[in-house]
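J.: pasting a predicted model and its sequence here:
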Amino acid sequence: MEVNDLDNPPTALILNTSPDPKGFPSKLGGNSCIVIQQNFGDKTYSAQLAFGFGSDKIAIRNKRNGSNWTDWKYVTLS
């Protein structure tokens, strides 16, 4: 199953996105990614870690004490 909205993800540990999903971490490059979710299904506290084929970066964001995601932060691996 491909996910097309990372801002409102399904309850799953690992997500495979469709091309250009809502909430995509744009600085990853490419147009899709794999996302690992921590505390998936919780509407208040959660985290997402994303990586893809478009760069050597990893993106992370979280939700804490609310329903809004933080901005994506990026780590470059080279």
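T.: Received, thanks.

J.: for the rest of this, base every contact and every neighbour count on C-alpha atoms.
T.: Fine.

J.: right, and the helix or strand after the helix or strand where residue 36 lies?
T.: Counting by DSSP states H and E, the element that carries residue 36 is strand 34-38. Moving toward the C-terminus from strand 34-38, the first helix or strand encountered (DSSP H and E) is strand 46-51.

J.: contacts for that following strand?
T.: Strand 46-51 is touched from outside by 25, 28, 33-40, 57-64, with contacts defined as CA atoms under 8 Å, 6 or more residues apart in numbering.

J.: chain center to that strand, what's the gap?
T.: 4 Å (CA atoms, centre = their mean, to the nearest Å).

J.: neighbouring strands for the helix or strand following that strand, and are they parallel or not?
T.: Moving toward the C-terminus from strand 46-51, the next helix or strand (DSSP H and E) is strand 57-63. Each strand that pairs with strand 57-63, with its direction, by DSSP bridges: strand 46-51 (antiparallel), strand 73-76 (antiparallel).

J.: relative to strand 34-38, how tilted is strand 57-63?
T.: Comparing the axes of strand 57-63 and strand 34-38 via axes from the mean of the first three to the mean of the last three CA atoms, to 10 degrees yields an angle of 40 degrees.

J.: for residue 28, what are its contacts?
T.: Neighbours of residue 28 in contact, by CA under 8 Å, 6+ apart: 51, 52, 54, 55, 56, 57, 58, 59.

J.: tell me the SS of residue 7?
T.: Under the three-state scheme (DSSP: H, G, I helix; E, B strand; the rest coil), residue 7 adopts coil.

J.: that one contacts residue 25, correct?
T.: No: the pair residue 7 and residue 25 does not pass the contact test of CA atoms under 8 Å, sitting 10.8 Å apart.

J.: between those two, which has more neighbouring residues?
T.: Taking other CA atoms under 10 Å, residue 7 and residue 25 do not tie; residue 25 has more neighbours (26 against 13).

J.: so that one touches residue 57, yeah?
T.: No: taking CA under 8 Å as the definition, residue 25 is not a contact partner of residue 57, at 10.3 Å.
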